[in-house]
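*Asks:* any chance you can model this:
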Amino acid sequence: MASYSSNHLRLLSYTKLLTSHVNNGRHHQALSLFQHIHSSLSQCLDPFIFPLALKSSSFLRRPDIGASIHALAVKSSFVNSPFVACGLVDLYGKCVSIFSARKVFDEIPERNVVVWNSMISLYTHSKDMQSALNLFNAMDFPPNASTFNTIIMGFSEMEDGLFDTLKFYRKMQETNIHPNLITLLGLLRAFVSVSALHLIKELHAFSIRNDIDPNSHLSSGLVEAYGRCGCLQKARFVFDSIKQKDVVAWSSLISAYALHGQAGKALETFEQMESQNVRADEITFLGVLKACSHAGLADVALTYFSRMNDHYGVGPNSDHFSCLVDVLSRAGRLHEAYEVLRKMSTKATAKAWGALLGACCTFGEVNLAEISGRALLEMEPNNPANYVLLARIYGGWGRYEEAEKVRNEMVKRGINVSPGSSWVA
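*Replies:* Modelled structure (predicted):
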């Protein structure tokens, strides 16, 4: 009896340490500790340590280790535990295949709502909404808010998912399950995608009436949502109501101003953020660079681009480079823009080359137009806008033979010109 008590206390201590390893991302240490627990306390294992080890196996993409843990769970008669079952479904879904996860799911004799939600979540993350709905309709356990939120989030990420998002939200209301923060975030994503201002206002009012997350993620999302719809005063009002403004909130307001060409307010907001000792991230600088681009502030953009890397240690990605190319191109500094493209540390995007090509058309720079046009044809050989713009530049400079070659190449590839297809916004 004393030995059992001693081993039980050791297991509790190990479980606490294992939990700390997993929650703090020390997954290699977690798996090593699990192996030690198994070898030293094999007779005293409980089902609570298995999900922790499975989570680390999933994070490290080690299905081989996960399979060994699965076999041990079966040997220890813990595979029927909802905690273990959920971990197994998640592991196989993320590291092997959805089919394998479904096979494990179907073999679980007693499934609680967490296990059902885990399998439904795998379907929604793989964009298989029909299978998610089929599984939802087959549930033999009452769904909870997480079940509905998972499917609402899945629909909100679909291009034409607004109707289905709202339909499923109404279904949630009919079951008397109260929406929470995750529900509203999913709805907001769907509303923003189509700039549904009246729905955004309704959601905002609902969040106020029910006191849902007045200071964090939802408020920042509302700043972005109102900004996308052009309601900058409302965006500012929500921003000012946030008591503890983090980098997401500041970045959302900066991006809102940038989107609507208010570069002065965007840059002023950035300076205010700095004065509050909030450290800018890559999203913040993307908003700043877009503001500079829309206002044609090439030198200012170059300054912020330099500060981003030198002062903040934020490495530029392809979107930052695209903005810099765009602002230089709009200002007619085409060769500088080309040098940015030529020397950038990441692969240049079609958007960046397209900005340069469009500016070459505006300023009549044929040589760089030819370089950027050919780069675009390699990247997007089936995009008619690239052929049309390059042919137009050749024709504008009297180089009709080259223009005809570009048109013939279009015909050879079977590419049809869509009405209004152009890089010029």
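
*Asks:* so where's this structure uncertain?
*Replies:* Low-confidence segments of the chain (pLDDT under 70): 1-5, 42-44, 214-215, 417-425.

*Asks:* kindly list the longest helix within it.
*Replies:* Counting residues, the longest helix found in the chain (DSSP state H) is helix 2-23.

*Asks:* tell me what angle the helix or strand just after that one forms with helix 2-23.
*Replies:* Sequence-wise, the next helix or strand downstream of helix 2-23 (DSSP states H and E) is helix 27-40. Going by axes from the mean of the first three to the mean of the last three C-alpha atoms, to 10 degrees, helix 27-40 is angled at 170 degrees with respect to helix 2-23.

*Asks:* which strand or helix spans residue 69?
*Replies:* helix 63-75.

*Asks:* nope, residue 387 is what I meant
*Replies:* helix 384-396.

*Asks:* and the helix holding residue 69, what's buried?
*Replies:* For helix 63-75, a neighbour-count test (16 or more other C-beta atoms under 10 Å) marks 63, 65, 66, 67, 69, 70, 72, 73 as buried. For glycine as for every other residue, the C-beta is placed from the backbone atoms N, C-alpha and C.

*Asks:* which member of those is positioned nearest residue 368?
*Replies:* Checking the buried residues of helix 63-75 against residue 368 by C-beta to C-beta gives residue 63 as the nearest, at 49.5 Å.

*Asks:* so for the longest helix of the chain, what gets flagged as buried?
*Replies:* 11, 14, 15, 18, 21, 22.

*Asks:* now do stretch 239-246
*Replies:* 239, 242, 245.

*Asks:* quick one on the thing from earlier: now do the longest helix of the chain: everything it contacts.
*Replies:* Identification of contacts with helix 2-23 by C-beta atoms under 8 Å, 6 or more residues apart in numbering yields 26-27, 29-30, 33-34, 36-37, 40-41, 43-46, 48-49, 52-53, 55-56.

*Asks:* repeat the analysis, applying 10 Å as the threshold.
*Replies:* With contact meaning C-beta atoms under 10 Å, 6 or more residues apart in numbering, helix 2-23 is reached by 26-34, 36-37, 40-41, 43-46, 48-49, 51-56, 59.

*Asks:* quick one, phi psi at the most centrally placed residue in the chain?
*Replies:* Nearest to the geometric centre of the chain sits residue 157, at 9.8 Å (C-alpha atoms, centre = their mean). Note on residue 157: backbone dihedrals following degrees, to the nearest 10 are phi -90, psi 0.

*Asks:* which residues touch the spatially closest residue to it that is not a sequence neighbour?
*Replies:* For residue 157, ignoring the flanking residues on the chain, the nearest one in space by C-beta to C-beta, 6 or more residues apart in numbering is residue 189 at 7.1 Å. Residue 189 sits next to 152, 153, 155, 156, 157, 161, 162, 165, 221, 225 when contact means C-beta under 10 Å, 6+ apart.

*Asks:* now residue 80
*Replies:* Contacts of residue 80 (C-beta under 10 Å, 6+ apart): 47, 73, 74, 107, 108, 109, 110, 111.

*Asks:* hmm, which of the residues you listed are the buried ones?
*Replies:* 47, 73, 108, 111.

*Asks:* out of those, who's nearest residue 95?
*Replies:* For those, the nearest to residue 95 is residue 73 (15.9 Å; C-beta to C-beta).

*Asks:* separation between the closest one and residue 49?
*Replies:* 10 Å (C-beta to C-beta, to the nearest Å).

*Asks:* which neighbours do those two share?
*Replies:* Joint contacts of residue 73 and residue 49 (C-beta under 10 Å, 6+ apart) are residue 84.

*Asks:* buried stuff in stretch 144-162?
*Replies:* 145-158, 161-162.

*Asks:* isn't residue 260 right next to residue 230, touching?
*Replies:* Yes: with contact taken as C-beta atoms under 10 Å, residue 260 and residue 230 are classed as touching, separated by 6.1 Å.

*Asks:* looking at the two, which is more packed in?
*Replies:* residue 260 (18 against 14; other C-beta atoms under 10 Å).

*Asks:* now do the more buried one against residue 204, distance only.
*Replies:* Distance from residue 260 to residue 204, by C-beta to C-beta: 19 Å.

*Asks:* same question, residue 172
*Replies:* 19 Å.
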